[in-house]
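In: Give me a 3D structure for the following:
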Amino acid sequence: MAKKFIDIMDTTFRDGFQSVFGARVLMNDFLPAVSAAKEAGINHFEFGGGARFQSLYFYLNEDAFTMMDKFREAAGKDANLQTLSRGVNTVTLDTGSRELIDMHAKLFAKHGTTTIRNFDALNDVKNLEYSAQRIKHHGLKHEVVVTMMDLPPNCVGAHDAEFYEKCLREILDSGIEFDSVCFKDASGTSSPEKVYQTIKMARRLLGDNVHLRLHTHETAGVSIACYLAALEAGADGIDLAASPVSGGTSQPDILTMLHAVKGKDYDLGGLEVDKILKYEDVLHDCLKDYFMPPEATQVSPLIPFSPMPGGALTANTQMMRDNNILDKFPAVIKAMREVVEKGGYGTSVTPVSQFYFQQAFNNVMFGPWKKIAEGYGKMVLGYFGKTPVTPSADIVELAAKQLNLEPTTAPAIDIADQDETKSIAYTKAILEKEGIEATEENIFIAAACKEKGIAYLKGEGKVMVRKNSDIIKPATKSGSNQFSVTVNGHNYNVEVADGFDNFTLKSITPAKESNQPKDEPKAVSSTGASNEITATMSAGVFKILVNIGDSVKAGQTVVILEAMKMEIPIEAGCDGEVEEILISQGQTVEDGQLLVKLK
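Out: Residues are numbered from 1 along each chain as shown. Next up is the predicted model:
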């Protein structure tokens, strides 16, 4: 009897890169590995979408559409190239209008995509209907998704097999056209037994002819057991990655899964161990200079209590490294549990996972529930669709008050269509004002990436990749054997003694820093009526709203910082006239650093 063929999608170049490097891997560095994967017999790749759209403009100064074209060249014309889309959000954190949702499908079809995996983090089927129509309209295969996770202990009402059956029945009743079905657990927190019961249920409802897949991560340490449970229940496909971007926060390694099914009646994509070993050797060489975040290689026992997706975890820790606040990460993860419990049980996958993390971050940095993150607040108020259960009433009330918004039950896509800033005409006008050609690609880049997209199109983008050669680097030399070095953003004074053919380390001491981060950031930007306006936390300078000589009023926002994909307004503490601006747009500042002086 022949073994059952199991389709393997290689997630290395999308979810693997996102889960390990926060999506920050340069195109020319990894393309040789795509060719090696093809030679190894892999013909199904996840190659774009998700965070591997915005991140190229935010951190790599690369064009996602060019990357997709070159990937298609390397993978060959017959490869199934798949992208990830967030329903009405497509590849952004915000809801798109119908115009932009259609443009997303059209452009991704134009640039080499075969299949779009399409999910909604709230499992609100209304958020899948229009995007599904446009995916099929533009000739693409549509893989519809039910999103999964486990809830923190003692939480009930969603995310069990019965809930997933309800979601799948709603998809079937809606008439959404699809080519395959995926159950997607971005945090890897579902138990093997729940996976088994869920896939068994789906196979019963779908029949034997619908392609059925499971996607999970290794973050909680149960991914191999979950994949085996899914295969036993009747799944036709699973997602795997190649070392060094496998395991930990990413998908299980191809070789590990090949080992796990030895002696079982499954043929994993026709793949052979020796060929995969050669492919992984090439990939290791391509990525040898990239800094491997230690958290990307770990299995965390805390994740089932605070379900942070692997694809978001390292993106967030990389941003925290950029802002010198990585020491706050354990507290933020711990705080996330309450945020999930009170937020309506949306699945912890982008954009909801980012909303959870941003609110937990605010609860740690500014005090519990003192500052409602915009995305989290809009979610509990209904602006992204219907949450699986009703959010806590006290949090809804806080969000409404702080964001000055009323709760809504209107479809998210209708709300977006009423927003002029989400129209193609609005974005075209911005491009014309900036002297940028209004191609469909440029319109979508600007609409999806806002100011950072415009900066890229104007040639002002920055490359922010963490490579080992950049992490420890000499900054200055102050004497024959005394150096100042920077390690992970911290300065040290190092003295060495000459030897015959080498150096001997004599001493290493932390350098004095003028703006040490404070343990408890203030919720306002200046102390009392001070004429010195300072940063409330380590962040990047997003916008400067005043000029020298401007008159400002107490409470007026003068600078907007950006951290963790959030805008942080910095207000004047008193009336005055702008005497000095000590920062520039794009600069990284530390907590307490002087930004603007008034007189």
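In: where does the chain have low pLDDT?
Out: Within the chain, the segments meeting pLDDT under 70 span 1, 471-529, 563-566.
In: From the chain's centroid, how far away is the helix or strand hosting Glu441?
Out: Assigned by DSSP states H and E, Glu441 belongs to helix 440-457. Its chain's C-alpha centre and that of helix 440-457 lie 18 Å apart, by Cα atoms, centre = their mean, to the nearest Å.
In: residues in contact with it?
Out: By Cβ atoms under 8 Å, 6 or more residues apart in numbering, the residues outside helix 440-457 that reach it are 53-54, 57-58, 61, 63-65, 90-92, 96, 100, 103-104, 106-107, 422, 424, 427-428, 430-431, 434, 436, 461, 542-543. Quick note: C-beta positions are derived from backbone N, CA and C, even for glycine.
In: Narrow these to those in strands?
Out: 542-543 (DSSP state E).
In: Would you mind checking the contacts of helix 440-457 for buried ones?
Out: Neighbour counting by 16 or more other Cβ atoms under 10 Å classes 53-54, 57-58, 61, 63-65, 90-92, 96, 100, 103-104, 106-107, 422, 424, 427-428, 430-431, 436, 461, 542 among those as buried.
In: For the most centrally placed residue in the chain, give its distance to Ser306.
Out: The residue lying closest to the centre of the chain (Cα atoms, centre = their mean) is Ala312, at 4.3 Å. To Ser306, Ala312 is 12 Å away according to Cβ to Cβ, to the nearest Å.
In: Next: Thr113.
Out: In terms of Cβ to Cβ, Thr113 sits 33 Å off from Ser306.
In: And for Asn316?
Out: 12 Å.
In: same check, this time on Pro152
Out: 7 Å.
In: cool, and Asp281?
Out: Going from Asp281 to Ser306 by Cβ to Cβ gives 36 Å.
In: more crowded one of those two?
Out: Counting neighbours by other Cβ atoms under 10 Å for Asp281 and for Ser306 shows that Ser306 has the greater number, 23 against 13.
In: Where does that one sit: helix, strand or coil?
Out: Using DSSP: H, G, I helix; E, B strand; the rest coil, the structure places Ser306 in coil.
In: and it, what does it touch?
Out: The neighbours of Ser306, taking Cβ under 8 Å, 6+ apart as the test, are 152, 333-337, 340, 360.
In: Same question for Ala37.
Out: Contacts of Ala37 by Cβ under 8 Å, 6+ apart are 10, 12, 45, 75, 242, 279, 283.
In: Columns neighbour count on top of these, output as a markdown table?
Out: Shown next, in a markdown table, are the contacts of Ala37 (neighbours: other Cβ atoms under 10 Å):
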| residue | neighbour count |
| --- | --- |
| Asp10 | 31 |
| Thr12 | 33 |
| Phe45 | 24 |
| Ala75 | 24 |
| Ala242 | 27 |
| Tyr279 | 26 |
| Leu283 | 25 |
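In: Could you pick out which of those residues are located in strands?
Out: Among those, the ones falling in strands (DSSP E) are 10, 45.
In: Which of the contacts of Ala37 fall in helices?
Out: Mapping the contacts of Ala37 onto helices (DSSP state H) picks out 75, 279, 283.
In: Go through the helix holding Glu441 and flag the buried ones.
Out: 441-450, 452-457.
In: contacting residues around Asp10?
Out: Under the criterion of Cβ under 8 Å, 6+ apart, the neighbours of Asp10 are 37, 42, 44-46, 240-242, 254.
In: Ile424 - nearest residue in space that isn't next to it in sequence?
Out: Glu99 (4.9 Å; Cβ to Cβ, 6 or more residues apart in numbering).
In: How many residues are close by that neighbour?
Out: By other Cβ under 10 Å, 17 other residues sit near Glu99.
In: can you pull the contacts of the spatially closest residue to Arg466 that is not a sequence neighbour?
Out: Spatial nearest neighbour of Arg466, chain neighbours left out: Phe291 (4.1 Å); criterion: Cβ to Cβ, 6+ apart. Shown in contact with Phe291 (Cβ under 8 Å, 6+ apart): 466-468, 470-471.
In: Would you check how far apart Phe291 and Ile333 are?
Out: Distance, Phe291 to Ile333, by Cβ to Cβ: 21 Å.
In: where do the helices sit along the stretch 101-250 of the chain?
Out: For the stretch 101-250 of the chain, the helices defined by DSSP state H, counting those that start in this stretch occupy 126-137, 161-174, 192-206, 223-233.
In: would CSV of those helices with distance to Val299 and mean neighbour count be doable?
Out: Output for the helices of the stretch 101-250 of the chain, formatted as CSV (distance: least, Cβ to Cβ, whole Å; neighbours: other Cβ atoms under 10 Å):
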stretch, distance to Val299, mean neighbour count
helix 126-137, 32, 21
helix 161-174, 25, 17
helix 192-206, 15, 19
helix 223-233, 9, 23
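In: among the ones you listed, which is nearest Thr534?
Out: Closest approach to Thr534 among the helices of the stretch 101-250 of the chain (Cβ to Cβ): helix 126-137, 40.9 Å.
In: now for that closest one, which elements pack on it?
Out: Applying 3 or more Cβ pairs under 8 Å, 6 or more residues apart in numbering; DSSP states H and E, one finds that helix 126-137 contacts helix 98-110, strand 115-118, strand 141-147, helix 161-174, helix 412-417.
In: Thr216 is nearest to which of these?
Out: Thr216 lies closest to strand 141-147 among the helices and strands packed on helix 126-137, at 11.5 Å (Cβ to Cβ).
In: roughly how far out does that closest one sit from the chain middle?
Out: 19 Å.
In: can you check stretch 134-154 too?
Out: In terms of Cα atoms, centre = their mean, the centre of stretch 134-154 is set 16 Å apart from its chain centre.
In: How about it, which residues are buried there?
Out: Neighbour-count burial for stretch 134-154, counted by 16+ other Cβ under 10 Å, picks out 134-136, 138, 140-152.
In: quick one: contacts for the nearest residue to Ala109 once chain neighbours are set aside?
Out: Counting by Cβ to Cβ, 6+ apart, His138 is the residue found nearest to Ala109 once chain neighbours are left out, at 4.3 Å. Contact analysis of His138 by Cβ under 8 Å, 6+ apart lists 105-106, 108-109.
In: what's the farthest-apart pair in these?
Out: Spatially, the most separated pair among these is Lys106 and Phe108, at 7.5 Å (Cβ to Cβ).
In: give the contact list for the closest residue to Pro411 other than its chain neighbours.
Out: Sequence neighbours aside, Lys126 is the residue nearest to Pro411 in space, at 5.5 Å (criterion: Cβ to Cβ, 6+ apart). Contact analysis of Lys126 by Cβ under 8 Å, 6+ apart lists 385-386, 411-413.
In: And Lys106, by the same measure?
Out: Lys106 makes contact with 134, 138, 440, according to Cβ under 8 Å, 6+ apart.
In: cool, and Val364?
Out: Shown in contact with Val364 (Cβ under 8 Å, 6+ apart): 328, 331-332, 335.
In: farthest-separated two in those?
Out: Using Cβ to Cβ, the two most remote members of those are Lys328 and Ala335, lying 9.8 Å apart.
In: Surely Glu374 is in contact with Gln402?
Out: No - if you go by Cβ atoms under 8 Å, Glu374 and Gln402 don't touch, sitting 9.2 Å apart.
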